[in-house]
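**Student:** need coordinates for the following:
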Amino acid sequence: MRVLNIKNISRSLPQPIQARYCDSFLCRLKGLTFRRSLDPQEGLLLVQPRENRLDAAIHMLFVPIDLTVVWVNEARVIVDLKLARRWRPFYIPAQPAKYILEVADSWLPSFQVGDQLDFEEAHLA
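**Tutor:** Numbers count the residues shown, from 1 in each chain. Sure, this is the predicted structure:
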């Protein structure tokens, strides 16, 4: 399992987010479905084959927790973010995105459109 540290270069985060890298169709489809909780430092980075709006849409069906969803373009700049509410049919970004970061709902104030993110391999013990 590949895990990345996600850092916000534009503003300081209390700690890096450790996100599981998810680039297969099945992994992206499942996402955080059926997860009852998410640790504050844990996340999921969905990676699309290409940057666009439709492929970057997410669903919240069978996701029993609210999430902060951060859409990021190929240059790793945030192009949209939302508080995604549990059990909603779908969310689509305002701008094309290649990466979708899903984290605990408490992270929403830590990001803004235009922020630059950095992804680096996490070295797990």
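**Student:** which ones are touching Gln15?
**Tutor:** Gln41 (C-beta atoms under 8 Å, 6 or more residues apart in numbering). (Each C-beta comes from the backbone N, C-alpha and C, glycine too.)
**Student:** what of Leu83?
**Tutor:** Counting by C-beta under 8 Å, 6+ apart, Leu83 touches Asp66, Leu67, Thr68, Val69, Asp105, Leu108.
**Student:** again, but for Asp105
**Tutor:** Ile65, Asp66, Leu67, Thr68, Leu83.
**Student:** which among these gets closest to Leu29?
**Tutor:** Leu67 (15.9 Å; C-beta to C-beta).
**Student:** wait, the closest one sits on Arg88?
**Tutor:** No: counting by C-beta atoms under 8 Å, Leu67 stays clear of Arg88, with 10.4 Å between them.
**Student:** identify the contacts common to those two.
**Tutor:** With C-beta under 8 Å, 6+ apart, Leu67 and Arg88 have common neighbours Met60.
**Student:** neighbour count: these two, which is higher?
**Tutor:** Taking other C-beta atoms under 10 Å, Leu67 and Arg88 do not tie; Leu67 has more neighbours (27 against 14).
**Student:** circling back to that earlier point, pick the one among the contacts of Leu83 closest to Asp118.
**Tutor:** Thr68 (17.7 Å).
**Student:** the closest one and Arg50, how far apart?
**Tutor:** Counting by C-beta to C-beta, to the nearest Å, the gap from Thr68 to Arg50 is 24 Å.
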